[in-house]
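# Quick check, what structure comes out for this input:
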Amino acid sequence: MDRINLRESDPDFIEELDSSDFISGFRACYTCGTCTAGCPVHRANKDYDPLRIIRMLVLGLRDELLKGDMIWLCSDCYTCQENCPMGVKVTDIINHLKNLATQEKNIPIGVSAQEKLLKDQGKIYIIDDFDNKKRTKVGLPSLPPMAEEAKTLLKKE
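Predicted coordinates:
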């Protein structure tokens, strides 16, 4: 894992986020590591670390957070947030950071591809005949290849 470069700190970013009712309180983190210890993504990928994200946030490392890939690895399971002894809303904070990164057009290719699939087909994974044969074999009903209702909801006006 790379070292954190404090020369890239943006104190205005800290103040901007700390004044937000949505995620205020992130400074309450006392680095106990409970968020990382319970994180299923961290168990699979040691490069992902919710505690590191919070520390980077406290240090004001705006560009590293919003232009990097780490925030996009969060699976939104809320384990970190539910277990935090200080009540830091870790998952909500990470989702807010994802929104900020999206506003700045810092979106990984995979996320863009998923967005396109959702808009075009109404779901990320297209069900084909092979999938429906497996479902039928175990007594599950067949599914349509595309989710027309979702496509309609996702169309831009």
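
# Spatially, what comes nearest to Leu73 if we skip its sequence neighbours?
Tyr48 (4.3 Å; C-beta to C-beta, 6 or more residues apart in numbering). For the C-beta atoms, the positions are set from N, CA and C on the backbone; glycine is no exception.

# That neighbour: what's it in contact with?
Neighbouring residues of Tyr48 by C-beta atoms under 8 Å, 6 or more residues apart in numbering: 39, 41-42, 70, 73-74.

# from what I can see Ser93 touches Ile54, true?
Actually, residue 93 is Ile rather than Ser. Yes: if you go by C-beta atoms under 8 Å, Ile93 and Ile54 touch, sitting 7.1 Å apart.

# Overlap in contacts, those two.
Residues touching both Ile93 and Ile54 (C-beta under 8 Å, 6+ apart): Phe26.

# Domains in this protein, by residue range?
For the chain, automatic domain parsing gives the domain ranges 6-103, 109-154.

# before we move on, what SS does the closest residue to Ile23 other than its chain neighbours have?
The shortest distance from Ile23 to any residue other than its chain neighbours is 4.7 Å, reached at Ile93 (C-beta to C-beta, 6+ apart). In three-state terms, and counting by DSSP: H, G, I helix; E, B strand; the rest coil, Ile93 is helix.

# Compare the contacts of Tyr48 and tell me which is most surrounded.
Cys39 (23 neighbours; other C-beta atoms under 10 Å).

# In contact with it, which residues are there?
Taking C-beta under 8 Å, 6+ apart, one finds 48-50, 77, 79-80 in contact with Cys39.

# again, only using 7 Å
50, 79-80 (C-beta atoms under 7 Å, 6 or more residues apart in numbering).

# Which of these fall in strands?
Using DSSP state E, no member of these falls in strands.

# out of the residues you listed, which are inside helices?
By the criterion of DSSP state H, membership of the contacts of Cys39 in helices covers 50, 79-80.
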